[in-house]
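Asks: I'll drop the sequence and a predicted model, then ask my questions.
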Amino acid sequence: MLKKMVAVLLGAGLVALVIVMAAGCSGSSSGGPDHTVTPSRTIAQATAAIRQQATAVSTRPNFLQVEQDESSDIPGTYVPSHGRNHFSSGFGGHQMTPFCASVPSSDSARLTIIGSGTPSARGTVNATPTVTTNCYTSNPPSSGEHLNVQRNVDVGGGNTVNIPADPDVYPDGVEIPRDSIPHILEHAGVFVGWNCANGDAACTDAAQKLEDLVNLRIDNYNNRVVMAHDNDLPEGTFGLASWTRVFTIDASDWANQTGAAENFIATNSCRFDPEGFCS
């Protein structure tokens, strides 16, 4: 039998929860004693928990302000947002968004480069882009239209990944699809890519040290980082991206950039979190 129903609306409409508490009553038809079921949580305890959740939501930085924050105090180069729209198609048969002509990239990536052009008709649902949206203006991509959530996607070589990829360091043969990278960033993540020429031992040694750093940040600080080989980057380059921020490192300069790379990851993991993955 339903005894009480309490509706609590907190956090300027951001949290709404209905608490249902049931009480049971048993006894004979001749009027035996009532046996009330005591709930495990009182209304006061439940309300306190909801209020705590509402406070967490209300104190979360406004993601639009974060997206537009050009402050030089934030690690990385600011790249204006391309918006947060999703492609309507899945990964199979999808044609990757090219890089704009001015963006440094590998020879293979340059096969799809186009001029800056004008904003595409695709537009956005969640934000209005202030830059062209028919090509990426950074490498790795730092915002923009992206592949939607998909599971166990075959990315070649017998490898499967989720889209967006889960925080982890991926084996050398796994390439994270270019158009899924902005989705990693939208989920409060940082993408770390690397590309070394065959036989470049100094580069691969530096990439191993970068991998050690990423594992440290994931294991000890729970940072949301995805690291993988990235064939789009120029050879001898490491590329780090978060939402509207990008930081590239010449592998030969890794020893001088270790601290800057860690600062980028530590600061930008969870900095942009419109969907509350870090709450």
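Replies: Nice, thanks for sending it over. These numbers were taken from a predicted model, which means no experiment stands behind them.
Asks: I'd like the distance between Asn152 and Ser180.
Replies: Taken as CB to CB, to the nearest Å, the spacing of Asn152 relative to Ser180 amounts to 13 Å. From N, CA and C alone the C-beta is placed, and that goes for glycine too.
Asks: swap that for Leu111, please
Replies: As it turns out, when the distance is counted by CB to CB, Leu111 lies 19 Å from Ser180.
Asks: more crowded one of those two?
Replies: Of the pair Leu111 and Ser180, Ser180 is the one with more neighbours under other CB atoms under 10 Å, namely 27 against 9.
Asks: And stretch 149-159, what's buried?
Replies: 150, 153, 155 (16 or more other CB atoms under 10 Å).
Asks: I'd like the residues you listed as CSV, with secondary structure appended.
Replies: Formatted as CSV, the entries for the buried residues of stretch 149-159 read as follows, by DSSP: H, G, I helix; E, B strand; the rest coil:
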residue, secondary structure
Gln150, strand
Val153, strand
Val155, strand
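Asks: count of neighbours near Pro61?
Replies: Here the count is done by other CB under 10 Å, and Pro61 has 13 residues near it.
Asks: So which residues of this protein form strands?
Replies: Secondary structure of the chain (DSSP state E): strands at 2-10, 15-22, 77-78, 150-156, 159-163, 168-169, 190-195, 225-229, 237-242, 245-250.
Asks: correct me, but Ala251 touches Ala202?
Replies: Yes. The pair Ala251 and Ala202 qualifies as a contact (CB atoms under 8 Å) at a distance of 6.9 Å.
Asks: neighbour-wise, which of those two wins?
Replies: Neighbour count, other CB under 10 Å: between Ala251 and Ala202, Ala251 has more, with 23 against 12.
Asks: Pull out the buried positions in stretch 92-109.
Replies: Taking 16+ other CB under 10 Å as the basis for neighbour counts, the residues of stretch 92-109 that come out buried are 97-100, 103, 105-106, 109.
Asks: can you check stretch 246-262 too?
Replies: Along stretch 246-262, these residues count as buried under the neighbour rule (16+ other CB under 10 Å): 246-249, 251, 254, 257, 261-262.
Asks: Can I get those residues in TSV including pLDDT and distance to Gly173?
Replies: TSV is the format used below for the buried residues of stretch 246-262 (pLDDT from 0 to 100; distance: CB to CB, whole Å):
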residue	pLDDT	distance to Gly173
Val246	98	25
Phe247	98	25
Thr248	98	23
Ile249	98	22
Ala251	98	19
Trp254	98	22
Gln257	98	26
Ala261	98	23
Glu262	98	26
